[in-house]
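*Asks:* Sharing a model that was predicted from the sequence below.
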Amino acid sequence: MLAQLAGLSMIIVATVVFIYYTIWALFMPFVDENIELHNFFPPRVWAIRIPVAIALLGVAVVGSFLSMVMIKSGQKKRAKAAAQQLGKKKA
């Protein structure tokens, strides 16, 4: 039940963010600047800067994760090779 509620809340938040961003980025450039609706949205330049910053952050996080996994995998392989070398020397 809690998982379904969490999933529903994530869908609702994603839908609201998508609708807000779509209105801001696609429809607001065609609305006259004098209308009060522009007060609900930041300047249009941020419609590009925010997604680019989020994408760069995501790439950095994924790259860091992959780097850590590859480094740990290399350490395990080296330890395994060292253990095999010790086993051969004793025999």
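*Replies:* Looks like it came in fine.
*Asks:* hey, where'd the strands end up in the chain?
*Replies:* Under the criterion DSSP state E, the chain carries no strands.
*Asks:* For it, give me the ranges with low pLDDT.
*Replies:* The model of the chain has pLDDT under 70 over residues 90-91.
*Asks:* Find the centremost residue of it, please.
*Replies:* residue 58 (3.7 Å; Cα atoms, centre = their mean).
*Asks:* ok, now how distant is residue 76 from residue 85?
*Replies:* 15 Å (Cβ to Cβ, to the nearest Å). From N, CA and C alone the C-beta is placed, and that goes for glycine too.
*Asks:* now residue 22
*Replies:* In terms of Cβ to Cβ, residue 22 sits 60 Å off from residue 85.
*Asks:* Likewise for residue 75?
*Replies:* 16 Å.
*Asks:* Check residue 33 too.
*Replies:* Residue 33 is 73 Å from residue 85, by Cβ to Cβ.
*Asks:* Just want to know which of these two has more residues nearby.
*Replies:* residue 85 (10 against 6; other Cβ atoms under 10 Å).
*Asks:* Can you report how many residues neighbour residue 64?
*Replies:* 10.
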